[in-house]
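Colleague: Have a look; sequence and predicted model below, questions after that.
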Amino acid sequence: MEKPELRREFLRVGAVGAVALVWGTPLDADPACEETEDNIEGPFYKAGAPDRETLLEPGTKGAPLVVTGTVMSTDCKPLGGAILDVWQCSADGVYDNSGYTLRGKVHADKNGRYQLRTIQPPPYRVGEGRYRPAHIHLKVSGPGVAVLTTQLYFPGDQYNKTDSAFRQSLVIHPTDGPKGAKIASFDFRLRRA
C-alpha cells in the first residue's frame, strides 16, 4: 500500500476501534469492582450470631487465621458499617449448632475495612467418600446493597476439584504472619440493591 492508503486504513481501523470501545463497554466500568461471586449457604447457617471482634475464644483449637479486606459496592464505593455474618466448622470439622462457637458478626469500619480473626478450617466429610474442601461461610451486607451469601476457599485443598460449590474467584491465599498465625486478604464487592 502507498502512504495515503495506509493512512486511510489506519484511520478506518482506529475509528472502528473507538466505536467498539464506546459502545462495547460502559465508560465507568471498573473490573476491580466486579461483583463478588455468590455461593451456597449450606445447611449450618444459624441466625442471631453475636457481634464480635474475633471468633476465637479461650481454648479454641486450630491454626489462627486473620483475614482482612474491604467491603465495597460494585461502583467502587466503600460500605462503611458493613456486616460480615460468619460461620465455619471447628478444627475437628464440626459446626456448633447449639451455640455460637466460630460464629459471629464482624463489623467493617467507616471505610468498609474489616478484620476477621478465626482459625483455618479443615475439609470435612459430608457422606460416604465425599468431602467438602476447607471453607468459611459469610453473609455480607451493607447499606444500599443486596446481601451476598458466599464462601471463602483455600488453595491446594484436594477436595476443591470435586466440590460442586467451589469457585476459584473465592480463594484466599494465607501466608505466614506473626505468632504462628496465617494472614490473608479478600475484598468483597456487593451489588447495589
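Modeller: Sure thing, it's come through. Numbers count the residues shown, from 1 in each chain.
Colleague: Now for residue 118, how many residues are close by?
Modeller: Close neighbours of residue 118, defined as other C-beta atoms under 10 Å, add up to 23. Every residue, glycine included, has its C-beta placed from N, CA and C.
Colleague: didn't it look like it was pressed against residue 102?
Modeller: Yes. Between residue 118 and residue 102 there is a contact at 6.5 Å, judged by C-beta atoms under 8 Å.
Colleague: Common neighbours of the two, please.
Modeller: By C-beta atoms under 8 Å, 6 or more residues apart in numbering, residue 118 and residue 102 have these common neighbours: 55, 88.
Colleague: helices and strands of the chain: which one has the lowest mean pLDDT?
Modeller: The weakest-scoring helix or strand in the chain, judged by mean pLDDT, DSSP states H and E, is helix 3-24 (a mean of 41).
Colleague: next structured bit after it?
Modeller: Where DSSP states H and E defines the elements, the next helix or strand beyond helix 3-24 is strand 64-73.
Colleague: Tell me what angle the helix or strand following that next one forms with strand 64-73.
Modeller: Following strand 64-73 in sequence order, the next helix or strand is strand 83-87 (DSSP H and E). Strand 83-87 and strand 64-73 are oriented at 140 degrees to each other (axes from the mean of the first three to the mean of the last three C-alpha atoms, to 10 degrees).
Colleague: Alpha carbons of strand 83-87, in CSV - could you do that?
Modeller: C-alpha atoms of strand 83-87 as CSV (Å, rounded to 0.1, in the frame of the first residue of the first chain):
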residue,chain,number,x,y,z
ILE,A,83,-21.6,-6.6,58.4
LEU,A,84,-19.9,-9.9,57.8
ASP,A,85,-22.0,-12.7,59.4
VAL,A,86,-19.5,-15.6,59.5
TRP,A,87,-19.8,-19.3,60.4
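Colleague: Could you list the buried residues of it?
Modeller: Neighbour-count burial for strand 83-87, with 16 or more other C-beta atoms under 10 Å as criterion, is recorded at 83-87.
Colleague: And the residue lying closest to residue 147 once chain neighbours are set aside, how close does it get to residue 149?
Modeller: Once flanking residues are discounted, residue 147 sits nearest to residue 141: 4.6 Å by C-beta to C-beta, 6 or more residues apart in numbering. Distance of residue 141 to residue 149, given as C-beta to C-beta, to the nearest Å: 10 Å.
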